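K.L.:
how would this look folded up:
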Amino acid sequence: MGVPLRSGNVRKPNETMRLIITTFAGVIFGFFIAVSFPTLSLTKMNLPSSLFPSIDLTYIEDKYSGLSTQALFNALNSLKANKVISVPSYKNNETKIWIPTNPRGAERLPPGIITSESDFYLRRLWGQPSEDLTIKPKYLVTFTVGYNQKNNIDAAVKKFSENFTIVLFHYDGLTTEWDEFEWSKQAIHVSVPKQTKWWYAKRFLHPDIVAPYDYIFMWDEDLGVEHFDAEEYIKLVRRHGLEISQPGLDANSGGLTWAMTRKRDNTEVHKDTEERPGWCTDPQLPPCAAFVEIMATVFSRDAWRCVWHMIQNDLVHGWGLDFSLRKCVEVSNRLKPLALLNSLPYIYSRPFVDFATLSEATAS
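P.N.:
Reported below is the predicted structural model:
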């Protein structure tokens, strides 16, 4: 007697053919899907944000359209390495960030076109810009002036060579009157009535504006400079590695308050002194050391960047600032890059500007 066969163990010919056709169709369909994948829009795909948390897909698609899948993801990794990222802007659209370390507000700009610093160099209104400057001054000197001190300022300016840019801050509103001096026509004039040196400095001497200058002289208008030589002063400052300095005050000068600022005849530079009893709580601190006054101060570029940030917006006369300048050059006591130079002294010829009288005169 024969053993009956189960019908489930035998495939009919039509079922086998159906399986073959289905498999073949699936392979063909998958092939066309794979071929068409590089032309898909990544921005139209609903991908979780966690996959590409900070990558601008629109930027990638535009720049790398038509590339293979592998090349596309290589480009993705390259963009991550170069920090080309996107962040939401205030208008709820996408903003491309080229370099996060660009200056604030310029993050969207390619670094090659950024100019973060400026200067006081005068430019012509015609011709080639490369021919504007016959010489680029390396130093800056500023005076806060009133016209009644014109002769004193004229004498002072003549102590500074063409290596210096001259800036006059006018607290009395008089500017064109200075054109009687030939040098005034090449100077920078800033006029805001009844303001002081530190008000001007905070607003017009930002470190990025004065960055081209190795040293910045911030001087009062009432200094006698008969024995002063600016170029020689720079040489001495460089020789002694001074970041903040001032010329010594002539012993016969009026307005001598601190022993530290008095010129000494037995040394080229001094960095400390002995004050009157009770005036110094520590011989290594102002006014016995690490101290200069603010009437004829000279700053290096780096020191000024620090000091500018220390100046408060409501600082008027600057009293007390000289006790804090050391914070911008504080290093070991062995170096002390803050000192007075004795070989090129000056004379303090007038105690202060009477702004109350000036206000009345301006009003009248």
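K.L.:
in this protein, which spans are strands?
P.N.:
85-88, 94-97, 139-145, 164-170, 188-191, 215-219, 223-224, 244-249, 269-270, 296-300, 338-348 (DSSP state E).
K.L.:
Show the model's pLDDT score for Gly105.
P.N.:
Reported pLDDT at Gly105 in the predicted model: 86.
K.L.:
Low-confidence stretches in the stretch 201-350 of the chain?
P.N.:
Within the stretch 201-350 of the chain, the stretches with pLDDT under 70 are 253-255, 330-336, 342-350.
K.L.:
residue contacts, Lys202?
P.N.:
Residues in contact with Lys202 (Cβ atoms under 8 Å, 6 or more residues apart in numbering) are Trp308, Ile311, Asn313, Leu315. Where you see a C-beta, it was placed from the backbone N, CA and C, and this is true even at glycine.
K.L.:
Serialize these to CSV and add fields for neighbour count and distance to Ala230.
P.N.:
Converted to CSV, the contacts of Lys202 look like this (neighbours: other Cβ atoms under 10 Å; distance: Cβ to Cβ, whole Å):
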residue, neighbour count, distance to Ala230
Trp308, 19, 22
Ile311, 17, 24
Asn313, 8, 31
Leu315, 17, 27
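K.L.:
Redo those as JSON lines? Include distance to Thr281.
P.N.:
Putting those into JSON lines (distance: Cβ to Cβ, whole Å) gives the following:
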{"residue": "Trp308", "distance to Thr281": "28"}
{"residue": "Ile311", "distance to Thr281": "25"}
{"residue": "Asn313", "distance to Thr281": "29"}
{"residue": "Leu315", "distance to Thr281": "24"}
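K.L.:
from those residues, which single one is nearest Glu15?
P.N.:
Within the set of the contacts of Lys202, Trp308 lies nearest Glu15; the separation is 87.8 Å, counting by Cβ to Cβ.
K.L.:
And the closest one, how far from Tyr121?
P.N.:
Plainly put, Trp308 is 20 Å away from Tyr121 if you go by Cβ to Cβ, to the nearest Å.
K.L.:
Could you do Ala296 as well?
P.N.:
For Ala296, the distance to Tyr121 (Cβ to Cβ) stands at 25 Å.
K.L.:
When these two are compared, which one has more neighbours?
P.N.:
Taking other Cβ atoms under 10 Å, Ala296 and Tyr121 do not tie; Ala296 has more neighbours (22 against 13).
K.L.:
Contact partners for the more buried one?
P.N.:
For Ala296, counting by Cβ under 8 Å, 6+ apart, the contacting residues are Phe217, Trp219, Asp220, Leu223, Gln246, Pro247, Tyr346.
K.L.:
can you pull the contacts of the second one?
P.N.:
By that I understand Trp219. Listed by Cβ under 8 Å, 6+ apart, the contact set of Trp219 reads Val141, Thr142, Phe143, Ala156, Met295, Ala296, Thr297.
K.L.:
Let's test this: mean pLDDT of the lengthiest helix in the chain, rounded?
P.N.:
For the chain, the longest helix by residue count, based on DSSP state H, is helix 13-36. The predicted model assigns helix 13-36 a mean pLDDT of 76.
K.L.:
Can you show me the CA trace of it as PDB?
P.N.:
Provided in PDB are the C-alpha atoms of helix 13-36 (Å, rounded to 0.1, in the frame of the first residue of the first chain):
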ATOM      1  CA  PRO A  13       5.300  25.200 -11.000                       C
ATOM      2  CA  ASN A  14       3.300  28.400 -11.000                       C
ATOM      3  CA  GLU A  15       4.200  29.200  -7.300                       C
ATOM      4  CA  THR A  16       7.900  28.700  -8.000                       C
ATOM      5  CA  MET A  17       7.800  31.100 -11.000                       C
ATOM      6  CA  ARG A  18       5.900  33.700  -8.900                       C
ATOM      7  CA  LEU A  19       8.700  33.600  -6.300                       C
ATOM      8  CA  ILE A  20      11.400  34.100  -8.900                       C
ATOM      9  CA  ILE A  21       9.600  37.000 -10.500                       C
ATOM     10  CA  THR A  22       9.000  38.700  -7.200                       C
ATOM     11  CA  THR A  23      12.600  38.300  -6.200                       C
ATOM     12  CA  PHE A  24      13.800  39.700  -9.500                       C
ATOM     13  CA  ALA A  25      11.400  42.600  -9.300                       C
ATOM     14  CA  GLY A  26      12.700  43.500  -5.800                       C
ATOM     15  CA  VAL A  27      16.300  43.500  -7.000                       C
ATOM     16  CA  ILE A  28      15.500  45.800  -9.900                       C
ATOM     17  CA  PHE A  29      13.500  48.200  -7.600                       C
ATOM     18  CA  GLY A  30      16.300  48.300  -5.100                       C
ATOM     19  CA  PHE A  31      18.800  49.100  -7.800                       C
ATOM     20  CA  PHE A  32      16.800  52.100  -9.000                       C
ATOM     21  CA  ILE A  33      16.300  53.300  -5.500                       C
ATOM     22  CA  ALA A  34      20.100  53.200  -4.900                       C
ATOM     23  CA  VAL A  35      20.900  55.000  -8.200                       C
ATOM     24  CA  SER A  36      18.500  57.800  -7.500                       C
END
